[in-house]
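Engineer: A structural model of the following input is requested.
(one chain, ligands or ions: 1)
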Amino acid sequence: MNKGALALLVHGGTENWSPERWKRRFEEVCSDRRVLQLPGAPFDPAEIHYAAVWKPAAGELAAFPNLRVIFNLGAGVDALMADSSLPKVPLVRVAVGDLTQRMTEYVVLHVLMHHRQEPYLRSSQREKRWAPKFQWPASAISVGIMGLGTLGANAAQALRQLGFRVSGWSRSRKVIDGIDCFHGAAQLEAFLQASDILVCLLPLTRDTRHILNRGLFAKLNYSSPMGAPVLINAGRGGLQNEADILACLDDGTLGAASLDVFANEPLAANSPFWTHPKIVLTPHNAADTDADEISKYVARQIERFEAGGALENVVDPTRGY
Ligand SMILES: NC(=O)c1ccc[n+]([C@@H]2O[C@H](COP(=O)([O-])OP(=O)(O)OC[C@H]3O[C@@H](n4cnc5c(N)ncnc54)[C@H](OP(=O)(O)O)[C@@H]3O)[C@@H](O)[C@H]2O)c1
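Structural biologist: I've put the predicted structure just below:
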């Protein structure tokens, strides 16, 4: 085993991030090199050529002098971008079919939930009220997706297939069959005006922090059969101004919200989000990364890289995603 070692920096947290689970997977797919679960395993920092990480401590990666590639074990790299000591080596993020499919499930589930008035129907059931409301067709609703990258583009197409009118907003110009594509700051307002349900799948960067605020919500469409617009955020908590969301739900600027991500996670027990009647809340599990799939993805990339091939899904540090 004279190949450079892989350091695994996964410090636990939720069930999905159990370090032992990730270590077992990496040992299977990288059987020809040392896999060091850190901290804990004895090691020489110079032997580490690769690091597979989820939210490492600031400065942790700077300790490896021969590091060649960092593999982030999730799609969003905002936590790493905040580390000013991050080594200047390629940073690869996750973009795999399994994760994309999971996020599309989440987006379709929550768009349908609001479109089909599920919160109202569930409360009617609890109260034993047989009280159907007028139900409009999917074609009467425009879903606007902020972020037309790996996740946003896939969700957009699934919603289109269900009959929704779908538009998307990205930084650069896009052409996607059946989707109205807007891009850049100059087209943001036109995009918002066409959106009844706003889905946010943006990365958290210095340009997008707190982009989901009162000023933006007020530009959404108010003439759909749903009445007030709906927000669905599965990007990052830092994208949203949380005080604005609560105030906008209370004064009718927003009709409802599905939130998977929060500024501070796990959400504090006294957060008003838990009990707000217009909020559907999930504990940042819209699209979990699957240890099987992702460890194979990393092993494939290392193999290709060592054979002189190009890495895929490398983050552009100047853009921050
Ligand atoms: N809740 C969860 O469980 C979960 C799971 C996975 C990921 N996520 C989040 O989802 C995010 C998106 O993932 P992804 O794989 O789809 O990322 P991606 O492929 O990098 O796509 C990002 C999209 O956002 C657009 N964008 C970035 N900055 C922008 C700006 N300033 N103005 C307008 N558009 C901008 C990009 O535009 P261009 O196309 O022009 O570059 C791109 O379309 C991740 O960063 C992560 O935070 C959440």
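Engineer: quick one, phi psi at the residue in the stretch 51-200 of the chain that the ligand sits nearest to?
Structural biologist: Residue nearest to the ligand within the stretch 51-200 of the chain: Gly149 (1.7 Å; Cβ to the nearest ligand atom). All C-beta atoms are positioned from the backbone trio N, CA, C, and that covers glycine. Gly149 adopts backbone torsions of phi -90, psi -150, taken as degrees, to the nearest 10.
Engineer: what's the answer for Glu105, then?
Structural biologist: Backbone geometry at Glu105, expressed as degrees, to the nearest 10, gives phi -60, psi -50.
Engineer: quick one: the helix or strand hosting Trp169 near the ligand?
Structural biologist: Assigned by DSSP states H and E, Trp169 falls within strand 165-170. Yes. Applying Cβ under 6 Å from any ligand atom, one finds strand 165-170 in contact with the ligand at Trp169, Ser170.
Engineer: quick one, what contacts the residue of the stretch 51-200 of the chain closest to the ligand?
Structural biologist: Ser170, Leu201, Pro203 (Cβ atoms under 8 Å, 6 or more residues apart in numbering).
Engineer: next: Val261.
Structural biologist: So Val261 contacts Asn233, Ala234, Gly235, Arg236, Gly237, Leu239, Gln240, His284, Ala286 (Cβ under 8 Å, 6+ apart).
Engineer: which two of these have the greatest separation?
Structural biologist: The span of the contacts of Val261, defined through Cβ to Cβ, is set by Gln240 and Ala286 at 14.2 Å.
Engineer: ok, Leu188 to Ser170 distance?
Structural biologist: Applying Cβ to Cβ, to the nearest Å, the value for Leu188 to Ser170 is 11 Å.
Engineer: looking at these two, which is more packed in?
Structural biologist: Ser170 (21 against 16; other Cβ atoms under 10 Å).
Engineer: for Thr205, see how far away the more buried one is.
Structural biologist: In terms of Cβ to Cβ, Ser170 sits 13 Å off from Thr205.
Engineer: before we move on, back to that, can you list residues touching both of Leu188 and Ser170?
Structural biologist: Residues touching both Leu188 and Ser170 by Cβ under 8 Å, 6+ apart: Phe182.
Engineer: and the next helix or strand after the strand holding Trp169, which strands flank it?
Structural biologist: Using DSSP H and E, the helix or strand that follows strand 165-170 in sequence is strand 180-183. Here strand 180-183 has these sheet partners by DSSP bridges: strand 165-170 (parallel).
Engineer: can you pull the buried residues of the partner strand?
Structural biologist: Using 16 or more other Cβ atoms under 10 Å as the test for burial, strand 165-170 gives Arg165, Val166, Ser167, Gly168, Trp169, Ser170.
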